[in-house]
Each structure stands twice: as C-alpha cells, then as structure tokens.
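*Asks:* 3D model of this:
(3 chains)
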Amino acid sequence: MLFTDFGSSDIYLGQVKSVLRRLAPRAAMIDLANDLPPFNVRASAHLLDALKSVFSEGSVFLCVVDPGVGTARGAVVLEADGRRYVGPDNGLMSVVAARATAIKLSSIAWRPAGLSDSFHGRDLFAPVVARIAAGTLAPDQLRPLSALATSFGADDLEEIIYVDHYGNACTGIRSAHARADRLLIAKGRRVAGARVFGEVPQRTPLWHGNSHGLVEIAVNCGSAAQVLGLRVGDSVSWVD
Amino acid sequence: MLFTDFGSSDIYLGQVKSVLRRLAPRAAMIDLANDLPPFNVRASAHLLDALKSVFSEGSVFLCVVDPGVGTARGAVVLEADGRRYVGPDNGLMSVVAARATAIKLSSIAWRPAGLSDSFHGRDLFAPVVARIAAGTLAPDQLRPLSALATSFGADDLEEIIYVDHYGNACTGIRSAHARADRLLIAKGRRVAGARVFGEVPQRTPLWHGNSHGLVEIAVNCGSAAQVLGLRVGDSVSWVD
Amino acid sequence: MLFTDFGSSDIYLGQVKSVLRRLAPRAAMIDLANDLPPFNVRASAHLLDALKSVFSEGSVFLCVVDPGVGTARGAVVLEADGRRYVGPDNGLMSVVAARATAIKLSSIAWRPAGLSDSFHGRDLFAPVVARIAAGTLAPDQLRPLSALATSFGADDLEEIIYVDHYGNACTGIRSAHARADRLLIAKGRRVAGARVFGEVPQRTPLWHGNSHGLVEIAVNCGSAAQVLGLRVGDSVSWVD
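*Replies:* Now for the predicted structure:
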C-alpha cells in the first residue's frame, strides 16, 4: 500500500514500483494515496490512521512524506495491530502508533549501496517494504527501537487535513466522537451536520461523518473548499 | 475496468482496489477513466458507450458517477453484448443499454453490513464487481429488473462530453454518422473536418473522428478547449 | 514500462493497458511517466535516458510522445544495452541510442487492421510491446533499420527538461559531469550547488545531482519552478 506525497502524475512512483516488483513479484501494490499535501507530515499522519482499516491485516504500508530526506532523521518499521508501516521517523506513523492496542518498533539499520540523497522512498524504504512483503528481510536489517523520535499523539486534530478533488474538506476529528446536533465552525462560518449530501439544498455546506470515519465538510453538488475557502491546515472548532 | 469520477489522484480508488483485490485476487484491474466530470452523468454515459469496445467480452465495468449516493436511487447490473456493468441506476449505463443488441438487467438486492452513506463504490459496487469477476456472486444477491429508472436513450448527444488533457474536446456524436465535408459549429465558430492533426496548419481547429469513434474538436499542437473556450456540457451543431 | 504523454488522469492509458493485458497477461506493467510535456520530444528523450537504468535489463519500454501521429513518421524498436524501446521514430529514443554501448534498430513493418489515425499508442505500439514481452512477435513484423530518422545526439541538453509536482526543475545535464562548486544560471539568477535540500535555508534555490543522475534546480520546502519562474524548455548555463 503506497501512502506518499510522490504525486500520482509524477515520475517517482514508477521507480518505486519497479523496485517493489523486482523484490516482491507476487505482492499486490495498491496506491492508497500519493498526492498527500507535500511537507505536511502531521495532517497525513491523521489521514493514515483513518485509512488504514480499509486494508486487511498483514498489509505493509510504504509511508513517505519526508521533507527531511537526506538529513539525520531515522528510518523505522512500525508493527501496529497486525499491519506494518515503513518510512521516516518524522511523526508520519505516530498517530497510528499512539492509538494502536499493541505496537512493535524497529529502526532500519540496513543501508543500500548507492543510496541517493533525495529519494529514500525508492532506494531505502521500497526495498524494506518489498522484503517484508516477500518474507525475505534479514533479521539484522532491523534493530529494536523503544520510541519514535517524533510523535503527534493520539488526540484528534481540529484542522483540515485533506481536501479531495470534489472539494470535500476532511478534518482530523473522528466522527464516532461527534454529536450530530453540534455545529462546526470553519472560517468563521457555522456548519450543521447531515447524514448525506442529498439531505441539504444544493450549494449549502454541511458536515458529516465520512466513509473513513472522520468529520468532513461538504457541499451538495459543489466544492466546500471553494465555497468556504478551506485549505489543508485551516483550524476548525465545535460550537461549545 | 474502473469508470468513475473518483479522481485518479485521490484517496478513493485505492480503497476500491483493496476490496477488488481481496475478493477477486486473480482479476486484472484496469483504470479506464477515473476523472470523469463529477456530477455529469449524461456526458459520462455517452463516453462509456464509446469506450466499452476497447475491452474484450467478459469484462466487468465498475461504473460510478453518483451524485445521488445515499439517496434512494437503485443499484443495478447490466449485461449488454457480453460485457457487464455495475453501478447506480441513474442513467450512467443507459446509453450502452439503449444501443445494445441484447441486454439483461438486474437490481442489486444485497447490502453489506456497515454500508457507508457516501462511498457505495467501495462498499457496495466493488464487492459485486469482484464477485462477478471471480464467479462467486450468490444468485439471491441480484433480482430481475424490467427497465432502468433513468435512461438517456440511444441518440447521439450534440454536446462536449469530455475534454482531455491535451485540450481535445470530444462530442457525443458518433463519427460513423458524420460526413467529412460537413462543418461543425462550436461557440459560434465553424470548424472543418480533417483526417489527422498534421493535415491542418498549427493552431487551427479541426474536427475528426477520434480513436473511440466520436467526433472530436482538436487543434494541431495546441488545445482546442483553450482556443475555442470549450467545456463539458457546451452544445455543438452541424451546419445544416 | 510506460513512458508517454498520455496523461495519468486521462482515458488513454486504460485502453493501452487493456491491449497489453490481453496480449501479455503475465507481464508487469509499470507507469514510469505518463505526464511528459506534450509535443516536447527532445526534453523527453533526455529524461528517458536518465530514467532507463531504474529498470532491469530485459525491460520493454512503450515510448510515446508523438505529435506527428498519423503522418509518415516511422515506427521503430530500439534494443540498447539489454532493454528494448518501442515507439515513433521522431527522436524520442535517440539519446538512449546515441549513448548506448551496443544497439540494434528495427522498423515495425506490421500494421494492424483498423489502425486509428490518432492513437498508434494503443493500436500499433502496445501490441508490439506486448508481443515482445510475451515472446510472441513474429519475425516478419520487424525489419532491420540502419539509423534513426531523427536524432538529438549524445550531448547533455542545457535546458529544463522536466518540472515535477514539487516544483523541482530538472535539466538535461548529467550530474556526474558537474563540479560541485560551479554556479548555474537560470532565468538570470545564479544558483549554487548543495548535496541535499536541508543544507540550505528554506526558500533558497540550489542545484543538486538528483536521484536519476541529472542536475536539478530545487528550493528547500518550496517550488523552484515558482520561485524562479522556470518551465520546460528554458535554457540554463554554467558560469564558465
């Protein structure tokens, strides 16, 4: 499962997939998300936690939003509730880790010959993902790790964490916690809850619990991002 | 075959593919089109009919352009000339159905536990597509249906139905019906026919029968959409 | 390996993949790059040479940036250093050919029934790629060819050849040739070299040798294309 900011239209994913295919020819490769907001690790950390459950236990996630590539940040493997996550130790997996019932952390000790300075997704993380998926990772390539270097914690994030191509603006608030009669404030505007888009008049903003369990601001047959001027990183809050 | 408005760069396709892979691990998944104009079911219905023949008989199409998701619209399976189509009963498959020589319609009686309100593509349609492809759909999951609830009919659509990334503007007019010496009017401008782009001077608009059998307005080494200001939904017409 | 300007979000790739899947069901299909700058064959020819080594020997590349489709330009297969390339004879493979240690050229004599005027990627090149991958290409479908009709030669190209979605602007200059202390001029601005983005202050342009061996202009946590106003085709040069 690929969860990156490499860009679905760009030249990086194909190189990553070439490595995965060579080292794990029988593993399925699925693009979960490859157009994550570049450089925003915290927002993506919350999105990753929300999307993980769509994938069955045993799945391995290649997680790369990595503005610090080439610097000294660590490289880690997280096992959490039966799924494994491989990527930089910059907080990206920390929300999954903080909310999991059982985790195991390892740092990646292995370094490939010819590691590039700017593309660890292809040179370091993809080989590790492939070898985990294929069951060919040598034990000495990992070392036990006691804690992540960066963690954003388990709490909800009262911010827009993702805007989809329809213009729906997803927050980092889990909808299981959200009372249907509460009002959400975004960009100074109060937004009421609804179950489905079709329940409110066209062009009216609403919030609803979306299909991956987060509170999302939407507009029936329109773009909430446009109507309300919302972007990733904008704060939202409940009225009392 | 995926024919949706889920967005090739967005987070929805990966979830759909995860379901398809789990329930039909041996079936090929091909992205036919995933950036269909959102909310424009009629245009996409004509495009689906034009593109279907590229795929061999036996193919199963997941067809989702579904602004009414979560409302009472039905869910159907269409068998038409050896191919099967799964999606909402909102007209999306109706042009294929109206032009086919033999069809069989079924409504999807099955509903999954935990059906989300906004993502039937993942929760309802993908499992049905996967089980049809894998031959594991239980007979009582479908019920005979006499007619589609919404149909756009078999006629050509004299509108722009798709603009590609080069800026070619495809109409819903089948080119087999089109006389090469006719002029097409779009945005008040008369456009002559040509066989290939290279036949006319650079930056001059032309119409031609495109590779999926539709009349398309193009500009040699340029964008017809930009030069003529064309968008999906704009009317076109023949001069007499 | 698909190397085209068909657009990763558009309706063309799915049709190509349908053909590849039908004729070579066991071959892996990887999208290397499908959003190459349309109509700019020369820039893409340099990018193809840079990216080829990520793929193992034996790989077959479908290479289509083909503004002259439907005109008299030839169709070729290039074998170079263990990899094969299929596409139009318009210079796209010529940089690979000019830099290879050993090459073999063939022209594609075969033409399919029902060849469209505008989509040789699907109708002509994809079947040839699939049959080469599957080992089912009949010998009389190719003819020996002594030289490419168009060649850009082996030299570096002092131009921007690709801008990625982060805004990094890649040149056609191989970084193995580049002395780290040289200054690069782009749009009248002098840019110094650095090893990784994190070495320079945020928003400061730098050049570095990128992960596919080319000199690239980047901005730490920002878009070089935006900061410097760079586009594909812009000239760059070294300060002596």
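
*Asks:* only C-alpha atoms from now on, for both contacts and neighbour counts.
*Replies:* Will do.

*Asks:* quick one, strands of chain A?
*Replies:* A:2-4, A:31-33, A:60-64, A:75-80, A:83-88, A:103-108, A:142-144, A:157-163, A:169-174, A:184-186, A:189-191, A:205-209, A:214-219, A:236-238 (DSSP state E).

*Asks:* in CSV, list the ones you listed along with distance to B:D49.
*Replies:* Formatted as CSV, the strands of chain A follow (distance: least, CA to CA, whole Å):
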stretch, distance to B:D49
strand A:2-4, 32
strand A:31-33, 27
strand A:60-64, 37
strand A:75-80, 45
strand A:83-88, 41
strand A:103-108, 50
strand A:142-144, 52
strand A:157-163, 31
strand A:169-174, 33
strand A:184-186, 42
strand A:189-191, 40
strand A:205-209, 34
strand A:214-219, 30
strand A:236-238, 44
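
*Asks:* any chance of these in TSV, with mean neighbour count too?
*Replies:* Converted to TSV, those look like this (neighbours: other CA atoms under 10 Å in any protein chain shown):
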stretch	mean neighbour count
strand A:2-4	24
strand A:31-33	26
strand A:60-64	26
strand A:75-80	23
strand A:83-88	25
strand A:103-108	19
strand A:142-144	15
strand A:157-163	22
strand A:169-174	26
strand A:184-186	18
strand A:189-191	16
strand A:205-209	25
strand A:214-219	26
strand A:236-238	16
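
*Asks:* need those in JSON lines (columns: distance to chain B).
*Replies:* Formatted as JSON lines, these follow (distance: least, CA to the nearest CA, whole Å):
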{"stretch": "strand A:2-4", "distance to chain B": "9"}
{"stretch": "strand A:31-33", "distance to chain B": "4"}
{"stretch": "strand A:60-64", "distance to chain B": "12"}
{"stretch": "strand A:75-80", "distance to chain B": "19"}
{"stretch": "strand A:83-88", "distance to chain B": "14"}
{"stretch": "strand A:103-108", "distance to chain B": "23"}
{"stretch": "strand A:142-144", "distance to chain B": "28"}
{"stretch": "strand A:157-163", "distance to chain B": "9"}
{"stretch": "strand A:169-174", "distance to chain B": "12"}
{"stretch": "strand A:184-186", "distance to chain B": "20"}
{"stretch": "strand A:189-191", "distance to chain B": "18"}
{"stretch": "strand A:205-209", "distance to chain B": "9"}
{"stretch": "strand A:214-219", "distance to chain B": "11"}
{"stretch": "strand A:236-238", "distance to chain B": "22"}
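
*Asks:* quick one: closest of those to C:I132.
*Replies:* Closest of the strands of chain A to C:I132 is strand A:31-33, at 27.6 Å (criterion: CA to CA).

*Asks:* gap between the closest one and the chain center?
*Replies:* 9 Å (CA atoms, centre = their mean, to the nearest Å).

*Asks:* skipping adjacent residues, who's closest to the residue of chain A most remote from its centre in space?
*Replies:* Distance from the C-alpha centroid of chain A peaks at A:P201, with 31.9 Å (CA atoms, centre = their mean). Among residues not flanking A:P201 along the chain, A:N220 sits closest, at 6.9 Å (CA to CA, 6 or more residues apart in numbering or on different chains).

*Asks:* what's the burial count for the one you found?
*Replies:* A:N220 has 20 neighbours, counted by other CA atoms under 10 Å in any protein chain shown.

*Asks:* what do you get for A:R203?
*Replies:* Count around A:R203 with other CA under 10 Å applied: 15.

*Asks:* could you do A:A102 as well?
*Replies:* 11.

*Asks:* wait, doesn't it sit right on A:R83?
*Replies:* No: applying CA atoms under 8 Å, one finds A:A102 not in contact with A:R83, separated by 10.7 Å.

*Asks:* got the residues of chain A near chain B?
*Replies:* With CA under 8 Å from any CA of the partner chain as the criterion, chain A meets chain B at residues A:7-9, A:28, A:30-35, A:54-55, A:164-166, A:195-198, A:210-211, A:221.

*Asks:* list the contacts of the residue nearest in space to the middle of chain A.
*Replies:* Geometric centre of chain A, nearest residue: A:L48, 2.8 Å, by CA atoms, centre = their mean. Contact analysis of A:L48 by CA atoms under 8 Å, 6 or more residues apart in numbering or on different chains lists A:F3, A:M93, A:V96.

*Asks:* quick one: it from chain C, how far?
*Replies:* 21 Å (CA to the nearest CA, to the nearest Å).
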